Each structure stands twice: as C-alpha cells, then as structure tokens.
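S.K.: Any chance you could fold what I've pasted below:
(one chain, ligands or ions: 1)
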Amino acid sequence: MADKLNAGAELMELLRAGELLASCGNVLSWDEQTVMPPGGAAHRSEQLALLAGLAHDRRVDPRIGELLSLLQNDAGIEPLSDLGVTVRESRRLYDRHVRLPRRLVSELSRVTSLAQQAWVEARRENRFEGFRPWLEQVVRLKREEAEALVRPGEELYDALLEDYEPRMTSREVAEIFAPLRRELTLLVSAIDSSGHKLPVDLVHRSYPVASQRVFVKHAAAAIGFDFQRGYLAESAHPFCSGIGPGDCRLTTRYDERALNTALFGVLHEAGHGIYEQGLREECFGLPPGQAVSLGVHESQSRLWENLVGRGRPFWRHFFPLLKQTFPGTLDGVAEDDFHAALNHVAPTFIRVEADEVTYNLHIMLRFELERALLGGNLAVSDVPEAWRQLFQNYFGRTPATDRDGCLQDIHWSAGLFGYFPTYTLGNLYAAELMAAARGQISDLDSQFARGEFGELRAWLRESIHRQGRRYAPRELIERAIERPVTAEPLLAHLWGKFGELYGISRPAVA
Ligand code: ZN
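M.R.: Modelled structure (predicted):
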C-alpha cells in the first residue's frame, strides 16, 4: 500500500512538473501576441520550440509509463477519486503521445509552421494554388498521425477529434448536427424573407475606445471574472490563456465603430476565463484540475456571450450604464431597439463575423469538408469548388473569391483538423446548460436584470468547473442537465429569440 501511495505521489509530481513547464510556454505565447516587438519573433520561436520539446520529453517519460502500469490495475483506487481520474486520463494521453513517432511530431511542427506562412500569403493574394501543395502535405501528415492513433472501428477523423473532444466520434457529432442544419437553413431563409430590418446602425455609432475599455472591464467583472487573478490586454486575435493558479489572461481588440467587437469578445473570453478560474487550484497540472475539452470550454464562453450577454434581462441592467458611459451617443434610443441592434442577423461569407444564427452553418460546412479530406473522399485540389457548392447549399449564395471561401481560416494550415466541431458543440452544450440552470434556479432573468450573476456562476462552478476531467465531456454535460444532449434547446432558444425579433414562427416539423 505504501508503494502505491508513493507511486501515486510520484506520478502526480511528474505530471505537474510537465505542465509547469508547458505553462511557462503559455506566458511566452501571451507575451508574443500582446506586447512583444516584431523584432523578437525569431528568438521567441526558438524559446517556444525549446520549451515544447522539453515538455514533450516529459510527457513521454518512460517512468510515467511504469508508474501507470503499477497503478492502473490497482483495485484499491476508487475510479472517480483524484488519483483514479489522474491514472485513467494520463494513461489515455500517455498512450497517444508514445504512439506518435518523434519524426512525425517534428515533421508536423516544421510543415505546419511553413504552411501557415504560405497560407497568409495565399490568402492575401487570393490564390489557392499557392497554398495547395502545403495543404496536401499537412493532410498527408495528419492522416499519418490519425493512422498511428486510430482505434478499431473508428474513422481516421475520430482519432484527431479525440485531441479536442475526447471520447466523441464523428458519427455522434454528425447525428447531433443533422437536425440543427435542417432547421438553421429554414431559420435563415425565414429571417431573409421576413423583410424585417433591425436598427443595426445603433451599434456602429462612435464609441470611443477609452470608454469601451472601462465598460467591458466592468461587464466582465460583473459576470464574475476575477481581476485579482486575471488580466485583460489587447491583441489582433482575441484569446484566453490560463497560465496557472491565480493568473488567467484575456485579450480583445477594439473598434470605435463596432461596439459588438470588444463587448461580446470580452464577454466570450471572460466566459473561458471564469472556467479557468473555477478549476481546482490545488490540482494544477493534474486531470482533476484541468478543463475537460474544447467543446465544454466553448460552452462556457458562448453561454456568457450569447445566452446571457445578448439577452434582454442583461440589458435591462446594463443599458443605462452604457448610456452613461457614452454620453449623448444613445439619447432617445429605446432599450428594445438597442437589444434588437445587438442581435441583427446577416449572413456573411466570413465565419468570425457571423451572427448567432448563421455561425453554426459555417462550422458544419467545415466539419463536412475536413471529414471528407481525412476520409480520402475529397482531394485537396477540389476543396475550393466543394466549398462553393456547400456554401450555396447552406446559405443560398456563393462566395466570389477563395479569400471569402476556403482560404479564410488559419486552422487547416496549422494542422488543426477536428477542432471546428467543438465551436458548435460549445453552442449546443451552452443552450443545454442554460435550459437546465433555468429549470433549477427559478428567477435567473430577474437576477440578470439586477446585474446579479453569482447564482448561475456558482451552479456552473459546481456542475462543470470543479469536476475537471472526472467524466468524459458529453457525460459531464449530461450529468449536469440530467438528460441526453440534443440540438433542441439551442433551436428553441434561436427560434424563440429571433422569431420575436423578426416576427416569424417556427414551422411545425414532422
Ligand atoms: Zn472561444
């Protein structure tokens, strides 16, 4: 027994040290994207490569394998205890890491770094041909990676999805997505043909950046992002980085003529941050203290951004404050009109500019294409045309250029196949969690209207944040909502809200 105790302690120490090292890399990455001068790029990439290599060596340390073998068949370890969860989850990751040949790991790192540069240029010049050979190499290497990792009965794509949404298969994703796609295309065309125009110009008035900074920081603190243990900076591409206990970094960008950009950007990243700040600090670097998946992470950001922040009760409290923060800008504007402006729906070719309704269609298009690429059913050279056809099917229009089509996202050049579906899973999980929270807390809307968000946050903390990786992502959500995950709560939310805003109603579907 003493042996097992020592083995458990030694395993946790090794894992924690590896994550400590990785978290040093996170500080450097955050610095790179916020304050580093351009001249520092080459040196920084050497620093990051060194840390990445050291962290990888620690993750595949044979001693971890020995300790896991010693511990994993020990019937005395309660499976859902911190040690039990640590052993189960580290075994899963350790096995994945050691199955990847070192040559493949470094080849992928080299090729994706060059492919990203080729992508930047190809996008700028709107020339897919410049990116095609690089994408072919990335797809070939990712297939090789998937072949090394895939389990019997799985698609190659599943092996990559596992990195972002553990224990979810592409078939399960496709099953959840199907009804969503059917109804979202109906909703988009109903909005299109409603002839209703929302007063979107209200959010494009002049909103001085200095005042935006004050307002968004206040809103993030109000929903519960702790600035004693967190920080908000600026970067070209907003993100959230959990450095470690007591230190969570957010970034955003400001646009004087587009209030939504920083406002919802910060609520989104603060949602990620509240998850990071809600993790068990004493379990830093260990599965019981780590976020469970990208889909669940995204559910936290989308919940605060869309289901709370774009809702009417939220603005009952914040609209008077907003008016005070920008004196004269919204004189005579009614709260309902302002709320409508925030929720304006307009199909766009660009995913990151998409509204709450059309966003998921962008994701489903990418999921379908990358699954076909990995499955060998789509050649890289056919991607631009396949993109145009699918876009026409989903949105009833076709992008005129590849820059507005298959060249718009960085993900594929970076080798991130299997990442996209987690955005929509996040939206689905968020709607499920919000519906369940409403069922369990009776007066959430009146709390929001008073600017009180603590009860919802506490519910999320207990049901999601403090669970770490105790359960698989989908199981974690299903335990919180006490039923199976479906697309229905998200659809009910979207039809309800946009039905009211655009004067349309959900058709009875057989
Ligand atoms: Zn996010």
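S.K.: any low-confidence regions in the stretch 1-150 of the chain?
M.R.: Within the stretch 1-150 of the chain, the stretches with pLDDT under 70 are 1-2.
S.K.: got it, and the chain?
M.R.: 1-2, 509-510.
S.K.: can you list the domains in it?
M.R.: 2-149, 170-194+289-502 (automatic domain parsing).
S.K.: Compute the first-to-last residue distance for stretch 90-109.
M.R.: End-to-end distance of stretch 90-109 (CA to CA, to the nearest Å): 23 Å.
S.K.: follow-up on the earlier one: of the domains of the chain, which approaches Tyr157 most closely?
M.R.: Checking these against Tyr157 by CB to CB gives domain 170-194+289-502 as the closest, at 4.5 Å. Backbone N, C-alpha and C define where each C-beta goes, glycine included.
S.K.: All the strands of the stretch 101-250 of the chain, residue numbers only.
M.R.: 230-234, 240-244, 247-252 (DSSP state E, counting those that start in this stretch).
S.K.: Name the nearest residue to Gly230, ignoring sequence neighbours.
M.R.: Distances taken as CB to CB, 6 or more residues apart in numbering place Cys248 nearest to Gly230, at 4.4 Å, with adjacent residues excluded.
S.K.: what's around that neighbour, how many residues?
M.R.: When neighbours are counted by other CB atoms under 10 Å, Cys248 registers 26.
S.K.: So it is in contact with Tyr275, correct?
M.R.: No - at 9.3 Å, Cys248 does not count as touching Tyr275 under the criterion of CB atoms under 8 Å.
S.K.: Just the C-alpha atoms of the helix or strand that contains His362, please, in CSV.
M.R.: Following DSSP states H and E, one finds His362 within helix 359-374. Provided in CSV are the C-alpha atoms of helix 359-374 (Å, rounded to 0.1, in the frame of the first residue of the first chain):
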residue,chain,number,x,y,z
TYR,A,359,-22.4,30.7,-37.1
ASN,A,360,-23.1,27.0,-36.8
LEU,A,361,-23.7,26.6,-40.5
HIS,A,362,-20.2,27.8,-41.1
ILE,A,363,-18.9,25.1,-38.7
MET,A,364,-21.0,22.3,-40.3
LEU,A,365,-19.6,23.1,-43.7
ARG,A,366,-16.0,22.9,-42.4
PHE,A,367,-16.8,19.7,-40.5
GLU,A,368,-18.2,18.0,-43.6
LEU,A,369,-15.2,19.1,-45.7
GLU,A,370,-12.4,18.1,-43.3
ARG,A,371,-14.1,14.8,-42.5
ALA,A,372,-14.1,14.1,-46.3
LEU,A,373,-10.5,15.2,-46.6
LEU,A,374,-9.3,12.9,-43.8
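S.K.: now it, how far from the chain's geometric center?
M.R.: Helix 359-374 sits 15 Å away from the centroid of its parent chain (CA atoms, centre = their mean, to the nearest Å).
S.K.: try stretch 200-219
M.R.: That offset, for stretch 200-219, works out to 24 Å (CA atoms, centre = their mean).
S.K.: try stretch 362-375
M.R.: Counting by CA atoms, centre = their mean, stretch 362-375 is centred 17 Å from the centre of its parent chain.
S.K.: In terms of secondary structure, what does whichever helix or strand comes after the helix holding His362 contact?
M.R.: Once the chain leaves helix 359-374, the next helix or strand it forms, by DSSP H and E, is helix 383-395. Helices and strands touching helix 383-395, by 3 or more CB pairs under 8 Å, 6 or more residues apart in numbering; DSSP states H and E, are helix 128-149, helix 170-193, helix 359-374.
S.K.: quick one: helix 383-395 to helix 128-149, angle?
M.R.: Here the directions of helix 383-395 and helix 128-149 differ by 90 degrees (axes from the mean of the first three to the mean of the last three CA atoms, to 10 degrees).
S.K.: Tabulate the CA atom coordinates of helix 383-395 in PDB.
M.R.: Only the C-alpha atoms of helix 383-395 are listed here, as PDB (Å, rounded to 0.1, in the frame of the first residue of the first chain):
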ATOM      1  CA  VAL A 383     -11.600  22.000 -51.900                       C
ATOM      2  CA  PRO A 384     -12.400  25.400 -53.400                       C
ATOM      3  CA  GLU A 385     -15.200  24.100 -55.600                       C
ATOM      4  CA  ALA A 386     -16.600  21.800 -52.800                       C
ATOM      5  CA  TRP A 387     -16.600  24.800 -50.500                       C
ATOM      6  CA  ARG A 388     -18.500  26.900 -53.000                       C
ATOM      7  CA  GLN A 389     -21.100  24.200 -53.600                       C
ATOM      8  CA  LEU A 390     -21.700  23.600 -49.900                       C
ATOM      9  CA  PHE A 391     -21.900  27.300 -49.100                       C
ATOM     10  CA  GLN A 392     -24.600  27.600 -51.800                       C
ATOM     11  CA  ASN A 393     -26.500  24.700 -50.300                       C
ATOM     12  CA  TYR A 394     -26.300  26.100 -46.700                       C
ATOM     13  CA  PHE A 395     -26.600  29.800 -47.300                       C
END
